[in-house]
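Student: Just need the structure, nothing else, for what follows:
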Amino acid sequence: MAKILVIEDDYNIRTNICEILESEGYHTLQAENGQAGLQIIKSRLPDLIICDIMMPELNGFEVLERTKKYSSAASIPFIFLTAKVEPENLRKGMNLGADDYLLKPFHIQDLLDSVKTRLEKKEVVKKELNDLQEQIIAKIPHELRTPLVPILGYAELIEDEENIENIKEMASLIKKFGKSLHSKIEKFLIYQDLLIKEAKEIDLKQRKYFTEITSEMIASYLTGLDPDLNSKERAKIKVESYNLNIAEWYLETLVKELVENGLKYSDHSKPVSIIGTKENAQYRIAVLDQGRGMSKEEINSISAFKKFGEEQLSETGVGLGLAIVMKIVNTFKAEISITSKPNNFTKVELSFPHS
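Tutor: Residues are numbered from 1 along each chain as shown. This is a model prediction of the structure:
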């Protein structure tokens, strides 16, 4: 059963909360002040923390702030107890990473509902991280072997090759497969980083970013793509300049993933359009390709390691790329829609609220 730490300087309130929780089968730990609470957090690593705000020595905000600095405790759900909720205190607590507030005197059911919700959310994220770990362990050998086999093969051939032109050609192929290997590793790391941020509840959407999106910026992002995709000629960019509330690195990742998929899985003689427009209360980025398209079932199945139409595709990794896109979209309060017609087109549209 979950282990819950209650930090409260009022003895009666503290023991009452613990009795309520224990009657529901939870194991409780008690601390009469912030300092004692921090010691228990470091030594016992509770599954959830309930903490009063107004306390001597260390107040609740300071306890939360210090807890978030401990890497092993940073993801522990944190519920504040307070006699009054003032907007500035509520905002301060949420910015520090609080999960919920309970107003004293509270109803027993409100306490139990809040605890249950936070613990269930923690378990969902924990399961997702465990699933990712299992998938990575199962998938990495194949994903890395695919480009690694030709790299090693061409390296062996070069050892016995005397013709300089053949050596140059094989060296070029080694470079190509090396870039593919690097790209796959980067995608694994990016997706893992996003899940870790989610697990630690690092709320990026609460921060203010001002990343100006322009046609020139989009073009610069695409220079890092595989030259064989011919992005310079095929990418048709028409973007209205605008300041988006998203970190630039994440915007670059979104654009590169979507455009790369469009270039890879469409007719290499056809263009891929990148269009950015301001519409009502949103800014929209659309990527449109003229390729194999997707069925409704394939669109619904997009998630990490579920690559659509894999048997028809020579490349791998598109599923993880789109899973990365969806994680970033959710992180920054954006929306994503995919419309497609098999053997015709695919349009992926991102919608961001105005900054």
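
Student: Let me know whether residue 158 touches residue 169 as I believe.
Tutor: No - applying CB atoms under 8 Å, one finds residue 158 not in contact with residue 169, separated by 10.0 Å. Any C-beta I mention is one placed from the backbone N, CA and C, and that applies to glycine too.

Student: list the buried ones in the helix or strand containing residue 243?
Tutor: Using DSSP states H and E, residue 243 sits in strand 242-244. The neighbour-count criterion (16 or more other CB atoms under 10 Å) identifies 242, 244 as the buried residues of strand 242-244.

Student: Strand partners (parallel or antiparallel) of it?
Tutor: Applying DSSP bridges, strand 242-244 is found paired with strand 211-213 (antiparallel).

Student: what comes up buried for the partner strand?
Tutor: 211, 213.

Student: chain center to that strand: distance?
Tutor: Centroid displacement of strand 211-213 relative to its chain, using CA atoms, centre = their mean, to the nearest Å, is 20 Å.

Student: Other residues contacting that strand?
Tutor: 239, 241-248, 251, 276, 283, 285 (CB atoms under 8 Å, 6 or more residues apart in numbering).

Student: out of those, which is most surrounded?
Tutor: residue 246 (26 neighbours; other CB atoms under 10 Å).

Student: Please report the number of neighbouring residues for residue 215.
Tutor: 14.

Student: Just confirm it contacts residue 237, I think it does.
Tutor: Yes - with contact defined as CB under 8 Å, residue 215 reaches residue 237; the gap is 4.8 Å.

Student: How about the closest residue to residue 242 other than its chain neighbours: which residues does it bridge to?
Tutor: Counting by CB to CB, 6 or more residues apart in numbering, residue 242 lies nearest to residue 283, which is 5.2 Å off, once chain neighbours are set aside. For residue 283, the beta-bridge partners are residue 278, residue 352 (DSSP bridges).

Student: so what's residue 283 up against?
Tutor: Taking CB under 8 Å, 6+ apart as the test, what residue 283 contacts is 213, 242, 244, 276-277, 351-352, 354.

Student: Could you dump the contacts of strand 211-213 into JSON lines with distance to residue 336 and pLDDT added?
Tutor: Converted to JSON lines, those look like this (distance: CB to CB, whole Å; pLDDT from 0 to 100):
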{"residue": "239", "distance to residue 336": "18", "pLDDT": "96"}
{"residue": "241", "distance to residue 336": "22", "pLDDT": "94"}
{"residue": "242", "distance to residue 336": "18", "pLDDT": "93"}
{"residue": "243", "distance to residue 336": "20", "pLDDT": "91"}
{"residue": "244", "distance to residue 336": "15", "pLDDT": "90"}
{"residue": "245", "distance to residue 336": "16", "pLDDT": "86"}
{"residue": "246", "distance to residue 336": "13", "pLDDT": "89"}
{"residue": "247", "distance to residue 336": "17", "pLDDT": "85"}
{"residue": "248", "distance to residue 336": "19", "pLDDT": "90"}
{"residue": "251", "distance to residue 336": "14", "pLDDT": "93"}
{"residue": "276", "distance to residue 336": "15", "pLDDT": "96"}
{"residue": "283", "distance to residue 336": "14", "pLDDT": "95"}
{"residue": "285", "distance to residue 336": "10", "pLDDT": "96"}
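
Student: out of those residues, who's nearest residue 125?
Tutor: residue 247 (21.1 Å; CB to CB).

Student: Ramachandran coordinates for that closest one?
Tutor: Residue 247 adopts backbone torsions of phi -60, psi 140, taken as degrees, to the nearest 10.

Student: could you show me where the strands are in the stretch 51-200 of the chain, in order?
Tutor: 78-82, 100-103 (DSSP state E, counting those that start in this stretch).

Student: Relative to residue 196, which of those strands is closest?
Tutor: Judging the strands of the stretch 51-200 of the chain by CB to CB, what sits closest to residue 196 is strand 78-82, at 18.0 Å.

Student: just checking, what packs against whatever helix or strand residue 262 lives in?
Tutor: Element membership of residue 262 [criterion: DSSP H and E] is helix 248-264. For helix 248-264, the packing partners by 3 or more CB pairs under 8 Å, 6 or more residues apart in numbering; DSSP states H and E come out as strand 211-213, helix 215-222, helix 231-234, strand 272-279, strand 282-289, helix 318-331, strand 345-353.

Student: CA atoms only: put that helix into CSV for me.
Tutor: Extracted in CSV, the C-alpha atoms of helix 248-264 (Å, rounded to 0.1, in the frame of the first residue of the first chain):
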residue,chain,number,x,y,z
GLU,A,248,12.8,26.7,-29.9
TRP,A,249,14.4,23.3,-29.5
TYR,A,250,11.0,21.7,-29.3
LEU,A,251,9.7,23.7,-32.2
GLU,A,252,12.7,22.6,-34.3
THR,A,253,12.1,18.9,-33.3
LEU,A,254,8.4,19.1,-34.3
VAL,A,255,9.1,20.6,-37.7
LYS,A,256,12.0,18.3,-38.5
GLU,A,257,10.1,15.2,-37.5
LEU,A,258,7.0,16.1,-39.5
VAL,A,259,8.8,17.3,-42.6
GLU,A,260,11.2,14.3,-42.6
ASN,A,261,8.3,11.9,-42.5
GLY,A,262,6.6,13.8,-45.3
LEU,A,263,9.7,13.7,-47.5
LYS,A,264,10.5,10.1,-46.7
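
Student: List the buried residues for that helix?
Tutor: For helix 248-264, the neighbour count (16+ other CB under 10 Å) marks 250-264 as buried.

Student: Just the angle for it relative to strand 272-279, thanks.
Tutor: Orientation note: helix 248-264 sits at an angle of 130 degrees relative to strand 272-279 (axes from the mean of the first three to the mean of the last three CA atoms, to 10 degrees).
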